[in-house]
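Visitor: Need coordinates for the below:
(chains A and B)
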Amino acid sequence: MFRSHVLVCGGTGCTSSNSEEIIKVLEEQLEEKGLQNEVKVVRTGCFGLCAVGPVMIVYPEGCFYSEVKVADIPEIVEEHLLKGRMVKRLLYDETVGTDTVKSLAETEFYKKQKRIALRNCGVINPESIEEYIALDGYQALAKCLSSLKPEEVIQIVKDSGLRGRGGGGFSTGLKWEFTAKTQADQKYVVCNADEGDPGAFMDRSVLEGDPHCIIEAMAICGYAIGASEGYVYVRAEYPIAVKRLEIAIKQAKELGLLGKNIFDSGFDFDLHIRLGAGAFVCGEETALMTSIEGNRGEPRPRPPYPAIKGLFGKPTTENNVETFANIPQIILHGAENFASMGTEKSKGTKVFALGGNIKNTGLVEIPMGTTLREIIEEIGGGIPNGRKFKAAQTGGPSGGCIPAHLIDTPIDYDNLSAIGCMMGSGGMIVMDDSKCMVDIARFFLDFTVDESCGKCTPCRIGTKRMLEILDKIVSGQAEMEDLDKLEELALHVKENSLCGLGQTAPNPVLSTLNFFRDEYVAHVRDKRCPAGVCKDLLTYYIDPKICIGCTLCARACPVNAITGAPKQTHVIDTDLCIKCGACMDACKKTKAVFLV
Amino acid sequence: MKTIEELNAIRERAKADMTVREDNTDVIRVVVGMATCGIAAGARPVINAFTNEIARRRLKNVSVSQTGCIGMCQYEPIVEVIEKDKEKVTYVKVTEDMVQRIVNDHLVNGNVVLEFTVGAIAK
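Guide: Numbering: from 1, shown residues only, chains lettered A, B, ... in the order given. You can find the predicted model right below:
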């Protein structure tokens, strides 16, 4: 029996800041002190608070150490694990109480969160099926197979009000019902883990932190719709997620929780993994299925919908990772329990990957209807460096921006689409006032132009032409009528594209045009970038009244564009200047260099 | 595995191994002094004996943790039992053999083992 458990985050975030080495040294140190039979080291999935990683938590004290370095480990072992004295300097600031540590659940970051999809992330060892079972794992599957008819399972999911977490927001229960009602000799369950939005990592974290819950949910779905086989389509760029999923599938098969005649109910279910090569379009359901079939990942027209004719031409239910992650909890605790959270039309919780200009970057799960202000100012800890909040981008390249004046919007599917935004899969990029919205729109469009599969013309050519107009705008060569042309083209692409990629690609442009038109106008008419981002519209200028002739800027300039003798006013030759900003950095003390 | 009973058996077994991770403030805290003095006097076998005895009896409302030097080094190993709304009980010169009685009498049945407390021994 271990008297203490040390949980070290093994998510991708903390792994990239060396948590593997931390675990190795920790185990070595424990052995050296002869504590290996008293203290257990557990590698978990993501805790969520990636901003202060690598993180670890030591039980029974519940002591949360943040920004732990390999060099800190001997001290933690010697002081805390051997002698029982917490290492105060490594404790996460907010958990330091007067004589004991405060629970993590009381901190600003976790206080308002409600963890359903992420309930086991950072809590269990994802490579141990026993730990998953200990926290009621596979109970939901057992309940379905032993006491519920497939129709009853579907009814529960329908009643819960769960909607697709991949972005579309379609009722999950209805989706299951359509597939269940289609007659066929073979049906399939597909899990979409092809998370492609820049800055989004919700699905990865669930797969890394709690892979068994996806297996359990897919088996439940298989039972409900009458499918005996399932595929998880996960991107090859998620090696930790793939590895843990493989381990989990193997363990489930060994215990007979996958395979033939599960729980002696006559229900068979088998699961396969398919690796995606990282094409954004493969996150679109029909393209994903085409890719699983071994073909080039291109979408196909709907109808027929996958529920009628999906993978290998058979009826298929495809859900996103996070959607599946909610299923076991809904079955165990009932539809009413789930439906009691959230807003009228959006039930339950939503996971967001919080990133950008915010203090607590990381993974948060909040009840639907939480306002953007709560997410940013309370959970997220606010905007760093004394800057002001400008906008939040949700839904990645398919979504739009929520501007500062709508910060009190309760986040749910319908409120977001009402303001031209999109829930998307749940990436949320927070931007402060140093960001240029035209540049942001250009960034996302540049991404979709790269990722367009080229099958349909509106998307292939339309997005490219839009990008060219945006390039003209940020380089100061656009006319006012280009703005109208951009808007018209955007609506055209949205209306006429074949799949979700093209239909949503213009959203970042339309949304910024709607909320930040004045910035576009400043770029086009005044040839000025108000945020000071678009290089072609900037001029560096040395104020002769302030310049003391220290020569620092001239020495820093890589292209010798600055002239002036020591102790005399310096001047920038704007024809030579490459606008790198080195002079401005060099002049930090005197502050004589300005952007105009 | 073919039955829910088998699943539940795994659950109960695995759950017992994870009780140490529960965030529960309503528990009886057993705190063992484990500074240099405590360890030198034999606190480690004592804390392990407590962990094992508590696990064996599947007590859910008890947590075992360590602390630093309490200041009475001559009486180490010192074990404190802290229960909400009750006076703290301090056992001194605790050995492995005493653990079973403390767990049985005090933690399970609520009777302080007076003869092991600091009041009795430090006379």
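Visitor: Skipping adjacent residues, who's closest to the residue positioned nearest the centre of chain A in space?
Guide: Centre of chain A computed as the mean C-alpha position; nearest residue by CA atoms, centre = their mean is residue A:200, 2.2 Å away. Nearest non-adjacent residue to residue A:200, counting by CB to CB, 6 or more residues apart in numbering or on different chains: residue A:427, 3.4 Å away. Glycine gets a C-beta too; all of them are placed from N, C-alpha and C.
Visitor: Which residues does that neighbour form beta bridges with?
Guide: Assessed by DSSP bridges, residue A:427 has beta-bridge partners residue A:353.
Visitor: Provide a list of residues in contact with it.
Guide: By CB atoms under 8 Å, 6 or more residues apart in numbering or on different chains, residue A:427 lies in contact with A:197-200, A:202, A:352-353, A:355, A:393-396, A:399.
Visitor: neighbour-wise, which of these leads?
Guide: The member of the contacts of residue A:427 surrounded by the most neighbours (other CB atoms under 10 Å in any protein chain shown) is residue A:393, with 31 neighbours in all.
Visitor: Adjacent strands (with direction) for the worst-scoring helix or strand of chain A on mean pLDDT?
Guide: Of all helical and strand segments in chain A, the minimum by mean pLDDT, DSSP states H and E falls on strand A:593-595, at a mean of 86. In its sheet, strand A:593-595 lies beside strand A:540-542 (antiparallel), with partners assigned from DSSP bridges.
Visitor: Past the strand it pairs with, which element shows up next along the chain?
Guide: Sequence-wise, the next helix or strand downstream of strand A:540-542 (DSSP states H and E) is helix A:552-556.
Visitor: Flag the shaky bits of the chain, pLDDT-wise.
Guide: Just going to use chain A. Scanning chain A for pLDDT under 70 picks out A:98-100.
Visitor: That was the other one, I meant chain B.
Guide: Judged against pLDDT under 70, the low-scoring parts of chain B cover residues B:23-25, B:123.
Visitor: who in it is up against chain A?
Guide: Residues of chain B lying close to chain A by CB under 8 Å from any CB of the partner chain are B:1-4, B:7, B:10-11, B:13-15, B:17-18, B:20-21, B:23, B:32-36, B:39, B:44, B:47-48, B:50-52, B:55, B:63-68.
Visitor: Try it again at 6 Å.
Guide: B:1-2, B:4, B:7, B:10-11, B:14-15, B:18, B:20-21, B:23, B:34-35, B:47, B:51-52, B:55, B:63-68 (CB under 6 Å from any CB of the partner chain).
Visitor: In strands, which of these fall?
Guide: Those of the residues of chain B next to chain A mapping onto strands are B:63, B:64, B:65, B:66, B:67, per DSSP state E.
Visitor: Could you export these to a markdown table, including columns for neighbour count?
Guide: Converted to a markdown table, those look like this (neighbours: other CB atoms under 10 Å in any protein chain shown):
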| residue | neighbour count |
| --- | --- |
| B:63 | 22 |
| B:64 | 25 |
| B:65 | 21 |
| B:66 | 26 |
| B:67 | 20 |
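Visitor: so which pair among the residues you listed is furthest apart in space?
Guide: By the measure CB to CB, these have their two most distant members at B:63 and B:67, which lie 12.4 Å apart.
Visitor: Please give me every residue in contact with the residue in the stretch 401-550 of chain A that chain B sits nearest to.
Guide: Each residue of the stretch 401-550 of chain A has a distance to chain B, by CB to the nearest CB, and the smallest belongs to residue A:426, at 26.5 Å. Applying CB atoms under 6 Å, 6 or more residues apart in numbering or on different chains, we find residue A:426 in contact with A:202, A:351, A:352.
Visitor: From residue A:60, how far off is it?
Guide: Residue A:426 sits 34 Å away from residue A:60, taking CB to CB, to the nearest Å as the criterion.
Visitor: Then residue A:314?
Guide: The span separating residue A:314 from residue A:60 equals 51 Å under the rule CB to CB.
Visitor: Next: residue A:51.
Guide: Spatial separation of residue A:51 from residue A:60 under the definition CB to CB is 26 Å.
Visitor: Look at those two and report which has more neighbours.
Guide: When neighbours are counted by other CB under 10 Å, residue A:60 comes out ahead of the other of residue A:51 and residue A:60, with 23 against 20.
Visitor: Can you confirm whether stretch A:91-110 lies near chain B?
Guide: Yes - judged by CB under 6 Å from any CB, stretch A:91-110 and chain B are in contact via residue A:103.
Visitor: What number of residues are in the vicinity of residue B:7?
Guide: The local packing count at residue B:7 equals 21, with neighbours defined by other CB under 10 Å.
Visitor: residues in contact with it?
Guide: Residue B:7 sits in contact with A:138, A:142, where contact means CB under 6 Å, 6+ apart.
Visitor: And it, how far from residue A:140?
Guide: 11 Å.
Visitor: same thing with residue A:165?
Guide: Distance, residue A:165 to residue A:140, using CB to CB: 18 Å.
Visitor: More neighbours: those two, which one.
Guide: Between residue A:165 and residue A:140, counted using other CB under 10 Å, the more crowded position is residue A:165 (28 against 23).
Visitor: does the closest residue to the more buried one other than its chain neighbours sit in a helix or strand, and which one?
Guide: Counting by CB to CB, 6+ apart, residue A:322 is the residue found nearest to residue A:165 once chain neighbours are left out, at 3.8 Å. Counting by DSSP H and E, the element that carries residue A:322 is helix A:321-333.
Visitor: now do residue A:189
Guide: Under DSSP H and E, the secondary-structure element containing residue A:189 is strand A:188-193.
Visitor: Which secondary structure elements does that strand sit against?
Guide: Using 3 or more CB pairs under 6 Å, 6 or more residues apart in numbering or on different chains; DSSP states H and E as the contact test, the elements touching strand A:188-193 are helix A:211-225, strand A:229-235, strand A:316-320.
Visitor: residues contacting the residue in chain A positioned nearest to chain B?
Guide: Shortest chain A-to-chain B distance, computed as CB to the nearest CB: residue-wise this is residue A:84, at 2.5 Å. Shown here is residue A:84, whose contacts under the criterion CB under 6 Å, 6+ apart are B:34, B:66, B:67.
Visitor: sorry, back to before: would you mind giving the contacts of residue A:426 as CSV with distance to residue A:341 added?
Guide: As requested, those are arranged in CSV below (distance: CB to CB, whole Å):
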residue, distance to residue A:341
A:202, 18
A:351, 13
A:352, 15
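Visitor: now, which of the residues you listed sits nearest residue A:19?
Guide: Residue A:19 lies nearest to residue A:202 out of the contacts of residue A:426, by CB to CB, at 19.6 Å.
Visitor: For residue A:4, see how far away the residue in chain B that chain A sits nearest to is.
Guide: When CB to the nearest CB is the measure, chain B has its nearest residue to chain A at residue B:66, with 2.5 Å between them. Look at residue B:66 and residue A:4: by CB to CB, they are 8 Å apart.
Visitor: Isn't residue A:167 up against residue A:417?
Guide: No - taking contact to mean CB atoms under 6 Å, the distance of 10.8 Å between residue A:167 and residue A:417 leaves them out of contact.
Visitor: quick one, which of those two is more surrounded?
Guide: Higher neighbour count among residue A:167 and residue A:417: residue A:167, with 23 against 15, using other CB under 10 Å.
Visitor: Ramachandran angles for the closest residue to the more buried one other than its chain neighbours?
Guide: Sequence neighbours aside, residue A:424 is the residue nearest to residue A:167 in space, at 4.6 Å (criterion: CB to CB, 6+ apart). When read as degrees, to the nearest 10, the backbone of residue A:424 gives phi 60, psi -160.
Visitor: give me the number of residues near residue A:424?
Guide: Residue neighbour count, defined by other CB under 10 Å, stands at 26 for residue A:424.
Visitor: Nothing else from me, thank you.
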